[in-house]
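In: From the sequence below, what's the structure:
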Amino acid sequence: MPAAIGAFITGFTSLQGIYRTRLVAILAAAAGMALTSFAGALAAHSTPLLIVVTALAGYAFGTIAQLGPTASTISLNSFVAFVLFSSQPLSPAAAAEESVLVFAAGHASINNAA
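Out: Here you go, the predicted structure:
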C-alpha cells in the first residue's frame, strides 16, 4: 500500500511544468512524501505530539506553497502523505521501511513522466 500511494500521488506531480522541471518536481514530491510519511507514522504514537506536528506541518507546507504552483503541488502531496500515514503508529524501523517504499514508488513515476 505505501508504494501504491507513493506512485499514485507523485503521478499528479508529473503534470507540472516541462520535462526537466517535472523530474525535479517528482523527486521533490517523492522525498517530501517519504519524510512526512515517516514523521506521521512516528508522531501517531502520541495524540498531543500528533496535534503539534500536524499544526507545524500545515503551517510549513502552507508557507512553501506560496512559492508557486509546483511548490504548492509538492507541499500538498507531502501533507496528504503525512495525514495518511499518521493514522497508524509504527516503530521507527517499520516507518523507515514504509517511507523507503513511498520514495521508491514515487521515484518510479519518473518513467511515466517521459
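In: Need the residue closest to the centroid of this protein.
Out: Note on the chain: the residue nearest the mean C-alpha position is Met33, at 1.6 Å, using C-alpha atoms, centre = their mean.
In: who does the top helix by length along the chain touch, helix- and strand-wise?
Out: As assigned by DSSP state H, the longest helix anywhere in the chain is helix 19-43. If contacts are counted by 3 or more C-beta pairs under 8 Å, 6 or more residues apart in numbering; DSSP states H and E, helix 19-43 sits against helix 2-13, helix 47-64, helix 69-85, helix 92-108, helix 110-113. C-betas here are computed from N, CA, C, even on glycine.
In: what separates Leu42 from Pro89, distance-wise?
Out: 8 Å (C-beta to C-beta, to the nearest Å).
In: of those two, who's got more company?
Out: Leu42 (22 against 15; other C-beta atoms under 10 Å).
In: hang on, the earlier thing: I'd like the helices and strands packed on helix 19-43 as CSV, with mean neighbour count and distance to Arg22 appended.
Out: Formatted as CSV, these follow (neighbours: other C-beta atoms under 10 Å; distance: least, C-beta to C-beta, whole Å):
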stretch, mean neighbour count, distance to Arg22
helix 2-13, 20, 8
helix 47-64, 14, 18
helix 69-85, 21, 9
helix 92-108, 19, 13
helix 110-113, 12, 5
